[in-house]
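output the structure for:
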Amino acid sequence: MAKHVAVVGGGAVGTTAAYDLAERGTDVTLFEREEIAAGSTGRAAGIVYDAFADSVDARVADRAVERFREFSGEGDFSFEVTPYVWLAREGDERRADAIREQVPRMRSHGRDAALVDPEELSAEWPALRTDDIAVAAVARNAGRVRPETYPPLLAEKARQAGARIETGVEVSLTADPPGVTTRSSKTAQGGGGSAEGDSEHRAFDAVLVAAGAQTKRILSEAGIPVALKPYRVQALTTAGGPSGRSNEDGPAVPMTYDATGEFYLRPYGDGLLAGDGTEEVESDPDDWKRDGDDAFVSSMRDGLAHRVGVDADVTDAWAGLCTATPDRNPLLGELRDGIYVATGFQGHGFMRSSALGEVAAEAILGEGGIPDYDPTRFTGDEEFDIVEGMTVSE
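Just a heads-up that it's a prediction; the model follows:
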């Protein structure tokens with residue numbers, strides 16, 4: 001069992017892994033080159049559900065929802081129970097058939113998912129347009145969170161359990177033996193850290209790279225190829241949402257994925273958060289546009305007007321980076337002796353992060369992993385296309 005572990009990346013997965021390792025008595029140091037949650041986690045949508053048709057994904061997502069519920073109420077983090085609805089419009093038979101096929105599989109894995117008539121949807125959420133829906137389904141074990149509040153909570157819990165959290169630290173990976181060379185620009189939390197411009201090599205029994213879109217670069221600099229492509233997605237928020245409340249005095253609309261329109265929406269304060277805007281091309285993780293595109297904003301305003309009748313007053317529009325793999329499954333586990341990776345979440349990283357970080361910690365502790373996510377199933381030289389993470393297909 002690894003006694004001294006480095007975790008590279010201060011997002012949701014990295015901070016969760018650091019916490020779970022520290023809780024088990026492991027000597028952990030977490031490195032983040034900016035601030036905690038400064039990367040993709042802080043730009044995530046905060047939609048959480050367990051509605052997956054694959055048995056492995058369903059089990060992981062169920063555990064994630066369970067843990068988010070457990071953490072809710074600590075610090076600034078809150079899990080607000082909100083059903084998740086996904087739908088296909090009339091005339092979109094491919095996606096409609098896929099939804100009809102998915103739901104029985106979800107139910108066979110114990111998921112609280114069901115097909116729902118448009119009339120039932122309208123009765124529960126009057127603000128949701130339903131007259132053009134061919135097929136819809138609802139998952140009840142779901143909720144929404146503010147993603148930027150989760151990593152600071154887990155980082156603090158990790159620190160209290162004995163982990164060392166160092167921010168503002170650039171890391172270069174060494175693979176044989178496992179270790180990192182650090183260059184620090186600010187003093188580490190909890191004391192220590194090197195002066196700006198200094199570098200220091202530190203040896204570890206194991207290193208977990210959970211650095212989001214930077215993971216491929218960090219591994220490649222150590223001579224380790226990985227089948228991974230960062231890609232850009234977009235989202236926006238509005239100042240106002242649809243009027244009225246649900247029959248249960250909840251939000252006026254559920255978290256919703258319009259598969260035909262290829263966008264999602266969720267309640268967000270007094271307004272909405274909506275997005276997708278996937279660019280199916282590889283992005284440079286150090287050189288990408290962080291603001292939302294005008295064309296995306298215009299398209300999303302049209303989508304919101306169509307689905308929930310909102311003439312959106314957009315308050316913010318931004319982009320983030322997700323990571324894709326050839327088979328759309330994560331790379332999670334030991335990649336080389338003592339070198340572990342957690343990446344490739346295809347837009348579903350945050351919603352499963354509380355479970356994925358736990359699995360990464362268990363793998364480092366020699367307590368197994370998830371064979372379907374084994375990162376050694378690829379050589380790193382594969383050619384593959386980027387596919388939008390929320391795509392509904394058979």
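
work out for me the element the closest residue to Phe378 other than its chain neighbours sits within.
Sequence neighbours aside, Ala227 is the residue nearest to Phe378 in space, at 3.8 Å (criterion: Cβ to Cβ, 6 or more residues apart in numbering). Every residue, glycine included, has its C-beta placed from N, CA and C. Using DSSP states H and E, Ala227 sits in no helix or strand.

then the one 4 residues further on?
Following DSSP H and E, the helix or strand that holds Tyr231 is strand 229-238.

now do Arg69
helix 55-71.

now that helix: how far from the chain's centre is it?
Relative to the chain's own centre, helix 55-71 is displaced by 13 Å; criterion: Cα atoms, centre = their mean, to the nearest Å.

how about stretch 252-266?
17 Å.

next helix or strand past the helix holding Arg69?
That would be, after helix 55-71 and using DSSP H and E, strand 80-81.

pull the residues that contact that following strand.
Residues from elsewhere that reach strand 80-81, judged by Cβ atoms under 8 Å, 6 or more residues apart in numbering: Ala142, Gly143, Arg144, Val145.

in strands, which of the residues you listed fall?
Of the contacts of strand 80-81, the ones assigned to strands by DSSP state E are Ala142, Gly143, Arg144.

of those residues, just say which sits nearest to Ser108.
Comparing the ones in strands among the contacts of strand 80-81 against Ser108 with Cβ to Cβ places Ala142 closest, at 18.5 Å.

any idea of the pLDDT on that closest one?
Looking at Ala142, its pLDDT reads 98.

what count of nearby residues applies to it?
Residues lying near Ala142 (other Cβ atoms under 10 Å) number 25.

could you pull out the helices in this protein for me?
12-23, 55-71, 93-108, 118-124, 150-160, 215-221, 294-308, 349-364 (DSSP state H).

quick one: strands adjacent to the strand holding Tyr231?
Each strand paired with strand 229-238, and its direction, by DSSP bridges: strand 271-276 (antiparallel), strand 314-324 (antiparallel).

to Met351, which of the ones you listed lies closest?
For those, proximity to Met351 was assessed by Cβ to Cβ; strand 314-324 is nearest, at 11.9 Å.

what angle do the closest one and helix 294-308 make?
100 degrees (axes from the mean of the first three to the mean of the last three Cα atoms, to 10 degrees).

from the contacts of strand 80-81, which is closest to Lys216?
Of the contacts of strand 80-81, the one sitting nearest to Lys216 (Cβ to Cβ) turns out to be Val145, at 27.3 Å.

so the closest one sits right up against Val48, yeah?
Yes - Val145 lies in contact with Val48 (Cβ atoms under 8 Å); the separation is 6.2 Å.

between those two, which has more neighbouring residues?
Of the pair Val145 and Val48, Val48 is the one with more neighbours under other Cβ under 10 Å, namely 28 against 22.

distance check, the closest residue to the more buried one other than its chain neighbours against Phe345.
Counting by Cβ to Cβ, 6+ apart, Val48 lies nearest to Met351, which is 4.6 Å off, once chain neighbours are set aside. Note on Met351: its distance to Phe345, by Cβ to Cβ, to the nearest Å, is 9 Å.

do the same with Arg24
According to Cβ to Cβ, Arg24 and Phe345 sit 23 Å apart.

which one of those two has more residues nearby?
More crowded of Arg24 and Phe345, by other Cβ under 10 Å: Phe345, with 26 against 15.

so what are the domain limits for the chain?
Following automatic domain parsing, one gets these domains for the chain: 4-43+148-228+326-377, 86-143+230-324.

who does Leu273 bridge with?
Here Leu273, judged by DSSP bridges, has bridge partners Thr237, Arg266.

ok, the closest residue to Glu282 other than its chain neighbours - how many residues close by?
In space, and not counting its chain neighbours, Glu282 is closest to Lys229: 4.4 Å by Cβ to Cβ, 6+ apart. Neighbourhood size, Lys229 [other Cβ under 10 Å]: 20.

just the one 10 residues further on next, same as before
When neighbours are counted by other Cβ under 10 Å, Ala239 registers 13.

how far away is the residue lying closest to it once chain neighbours are set aside from Leu121?
Nearest residue to Ala239, sequence neighbours excluded (Cβ to Cβ, 6+ apart): Asp313, at 4.3 Å. Distance check for Asp313 against Leu121: by Cβ to Cβ, it reads 26 Å.

between those two, who's got more neighbours?
Using other Cβ under 10 Å as the criterion, Asp313 and Leu121 rank with Leu121 on top: 22 against 11.

and that one, what is it in contact with?
Val85, Leu128, Thr130, Ile133, Ala136, Val138.

just checking, Tyr19 touches Ala163?
Yes - contact criterion Cβ under 8 Å: Tyr19 and Ala163 qualify, at 7.2 Å.

ok so, going back, where does the residue nearest to Phe378 land on pLDDT?
The per-residue pLDDT of Ala227 was computed as 97.

can I get the helices of the chain in a markdown table including mean pLDDT and distance to Leu173?
Listed next are the helices of the chain as a markdown table, based on pLDDT from 0 to 100; distance: least, Cβ to Cβ, whole Å:
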| stretch | mean pLDDT | distance to Leu173 |
| --- | --- | --- |
| helix 12-23 | 98 | 14 |
| helix 55-71 | 97 | 26 |
| helix 93-108 | 97 | 38 |
| helix 118-124 | 95 | 49 |
| helix 150-160 | 98 | 21 |
| helix 215-221 | 96 | 5 |
| helix 294-308 | 97 | 35 |
| helix 349-364 | 97 | 15 |
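
closest to Pro326 out of these?
When those are compared by Cβ to Cβ, helix 215-221 sits nearest Pro326, at 13.4 Å.

what is the burial count for Ala96?
21.

pretty sure it is in contact with Val135, am I right?
Yes - with contact defined as Cβ under 8 Å, Ala96 reaches Val135; the gap is 4.2 Å.
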